[in-house]
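**Student:** Next one to model:
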Amino acid sequence: MRRDFLVLLDVTIVNVALPAIGARLGTDTGGLQWVVDGYALALAALMLSSGTAGDRHGHRAVVLTGLAVFGAGSLACGLAPTAPALVAARGVQGVGAALLLPGTLAVIGRAFPDPAARARAIGVWAGIGSLALPAGPLLGGALVDGLGWRAIFLVNVPIVLVALVGAAVVVPESHEESARRLDVSGMLLGALLLLAATYAFIQGGRSGAGAPQVVAAGVVALAALAALAVVEARRGEDAMLPPALLRRPAFAVANTAAGVMNLCTLGTLFVLMLFLQSVQGRSALLAGLALLPLFTPLAVLGPFGGRITSRVGARLPAAAGLLVAAVGLALLARAPAGADYGVLLPAFLLWGTGLGLLTPAVVAAAVAAVAAVPTARSGLASAVNNTARQTGGAIGIAVAGAVAGSPGDRDRFLHGFHAVALGSAALYTAAALLVLAVLPGALLPGKSSG
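**Tutor:** You can find the predicted model right below:
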């Protein structure tokens, strides 16, 4: 759980430092998008493979390796002399994070075979992990204002050293004798797909959708997608993402909702932090404090949402969470440049409350949909939901930055900020309708995928 907290903390803590990073390293909005997405892309691209690596080579060895890589990446981030060097170091951080995350849900799935008990446990997990969301902007703001932006990365180094010692002592060794081989071709094609698609969105915001490099990146992304589909179909159950899992409607929809959740949340958060600091003139610490009403409901409602899900199933809590969050984002889309905090507060509260209901529901639905998956694939099954969320977040940041542009062009940025919030509200609403149509009304044990 604490490893998850560290990884998720780094997803949000960087956002509050973006204006300071841009000013010190001389990079524009596109460069700042890569600072955030360098981490998210590596995390998303390697998540599925690292879950399988844990099954095959032992979760203890993978966790220790992940902590070491994450710590090295954090140190490199804190010492980065240029924006490209920072982006590269963020990628190293993401590799370490990908090695750390997948095992947690696998452990929950094994420890709680009963769907209702598992949903309650996932609610507790979501609540603990979600503490990273309010802690990130708050801690990041304090560090940026007090010590400078490099401190948000360097603070990880002593924490990782302590975690390495603790993990070496506490984490038991476990691996599956029948675990699948790593799908290297699938992993590489998936990484190429994510990188090309993200580049197309970010560069499209800079150069326009018709720019040659943007068109070329789009073609590469489509080719990688087609090749990935062929490769995974041929590998069958040995694929990085076995096609049988995607044929489970509840599994596919739960992970689609999880991807939409992070696409809209992290995309809107990216431009929101620029709005609060670069447009409204708040300091990093005050911007972090302003977001507490958004992220606190996630931590508070996580266990509560898990209990609701255990009683009524995932469909209603997930749909309700999506719709409540959509209302909050729609209110945010009406905020003028000079909006006082009383205008922003209702939007933050509704958005955060919706996410607090949604998170444990979509995770529980995804885990329940693969409850009958053999133990040897538990690392894979737990990694899919994380992959969907991190992929959604990476694409969301790329799209939001492209739509909003630079805060230096205040009018265009404000219009783009409103468009991002309103578009996110529309996506949440569409996802809610899909959830209501497909997810079961109760958390039933999954059927064998064969």
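**Student:** show me where the stretch 151-300 of the chain has helices.
**Tutor:** For the stretch 151-300 of the chain, the helices defined by DSSP state H, counting those that start in this stretch cover 151-154, 156-170, 184-207, 212-235, 243-246, 249-274, 284-290, 292-312.
**Student:** Can you say which of the ones you listed is nearest to Ser74?
**Tutor:** helix 156-170 (3.8 Å; Cβ to Cβ). (Glycine included, C-beta is placed from N, CA and C.)
**Student:** just how off-centre is the closest one within its chain?
**Tutor:** Put simply, helix 156-170 sits 23 Å off its chain's centre (Cα atoms, centre = their mean, to the nearest Å).
**Student:** and that helix, which residues are buried?
**Tutor:** Neighbour counts over helix 156-170 (16 or more other Cβ atoms under 10 Å) mark Asn156, Ile159, Val160, Ala163, Leu164, Ala167 as buried.
**Student:** I figured the first one hits Val69, correct?
**Tutor:** Just to be clear, that refers to Asn156. No - using Cβ atoms under 8 Å, Asn156 makes no contact with Val69, being 11.8 Å away.
**Student:** any idea which helix or strand of this protein has the worst average confidence?
**Tutor:** Ranked by mean pLDDT, DSSP states H and E, the helix or strand of the chain with the weakest confidence is helix 103-111, at a mean of 56.
**Student:** I figured Trp149 hits Ala23, correct?
**Tutor:** No - counting by Cβ under 8 Å, Trp149 sits too far from Ala23 to count as a contact (9.1 Å).
**Student:** more neighbours, these two?
**Tutor:** For the pair Trp149 and Ala23, the greater number of neighbours falls to Trp149 (25 against 11), based on other Cβ atoms under 10 Å.
**Student:** Check whether that one sits in a helix, strand or coil.
**Tutor:** Under the three-state scheme (DSSP: H, G, I helix; E, B strand; the rest coil), Trp149 adopts coil.
**Student:** so what's it up against?
**Tutor:** Trp149 makes contacts with Ala17, Ala20, Ile21, Arg24, Leu143, as judged by Cβ atoms under 8 Å, 6 or more residues apart in numbering.
**Student:** Could you do Glu232 as well?
**Tutor:** Contacts of Glu232 were listed using Cβ under 8 Å, 6+ apart, and they are Asp183, Gly186, Ala239, Met240, Leu241, Pro242, Pro243.
**Student:** Distance of it relative to Leu225?
**Tutor:** As judged by Cβ to Cβ, to the nearest Å, Glu232 and Leu225 stand 11 Å apart.
**Student:** Show me how far stretch 30-42 is from its chain's centre.
**Tutor:** Using Cα atoms, centre = their mean, the offset of stretch 30-42 from its chain centre is 12 Å.
**Student:** repeat for stretch 346-359
**Tutor:** Stretch 346-359 has its C-alpha centroid displaced from the chain centroid by 16 Å (Cα atoms, centre = their mean).
**Student:** All the helices of the stretch 301-450 of the chain, residue numbers only.
**Tutor:** Secondary structure of the stretch 301-450 of the chain by DSSP H, counting those that start in this stretch: the helices cover 315-332, 341-369, 378-404, 410-438.
**Student:** Least confident of the ones you listed, on average?
**Tutor:** Ranked by mean pLDDT, these bottom out at helix 378-404, with a mean of 79.
**Student:** number of nearby residues for the residue nearest to Leu422 when sequence neighbours are not counted?
**Tutor:** Nearest residue to Leu422, sequence neighbours excluded (Cβ to Cβ, 6 or more residues apart in numbering): Ala333, at 4.1 Å. Ala333 is flanked by 18 other residues according to other Cβ under 10 Å.
**Student:** Tell me how far Lys188 lies from Ala216.
**Tutor:** Just to correct that, residue 188 is Leu rather than Lys. Counting by Cβ to Cβ, the gap from Leu188 to Ala216 is 19 Å.
**Student:** Of the two, which one has the most company?
**Tutor:** Ranked by neighbour count (other Cβ under 10 Å), Leu188 and Ala216 place Leu188 first, with 17 against 14.
**Student:** how close does the more buried one get to Val384?
**Tutor:** Separation of Leu188 from Val384 (Cβ to Cβ) stands at 18 Å.
**Student:** give me the number of residues near Ala223?
**Tutor:** 14.
**Student:** Please apply the same query to the one 3 residues further on.
**Tutor:** Using other Cβ under 10 Å, Ala226 has 12 other residues around it.
**Student:** Please apply the same query to Leu263.
**Tutor:** 26.
**Student:** ok, now which ones touch it?
**Tutor:** Gly392, Gly393, Ile395, Gly396, Val399, Ser424, Leu427.
**Student:** Excluding covalently adjacent residues, which one is nearest to the third one?
**Tutor:** Read it as Ile395. Nearest residue to Ile395 in three dimensions, chain neighbours excluded: Leu263, at 5.8 Å (Cβ to Cβ, 6+ apart).
**Student:** Now do the same for the one you found: its pLDDT.
**Tutor:** Per-residue pLDDT puts Leu263 at 91.
**Student:** Then the one 10 residues further on?
**Tutor:** According to the model's per-residue confidence, Met273 sits at a pLDDT of 91.
**Student:** Now do the contacts for Ala361.
**Tutor:** Gly305, Ile308, Thr309, Ala314, Pro317, Ala318, Gly321.
**Student:** wouldn't the fifth one be in contact with Arg311 here?
**Tutor:** No - with contact defined as Cβ under 8 Å, Pro317 does not reach Arg311; the gap is 9.5 Å.
**Student:** Comparing the two, which residue is more hemmed in?
**Tutor:** Per other Cβ under 10 Å, whichever of Pro317 and Arg311 has more neighbours is Pro317, with 32 against 13.
**Student:** No further queries at this time; thank you.
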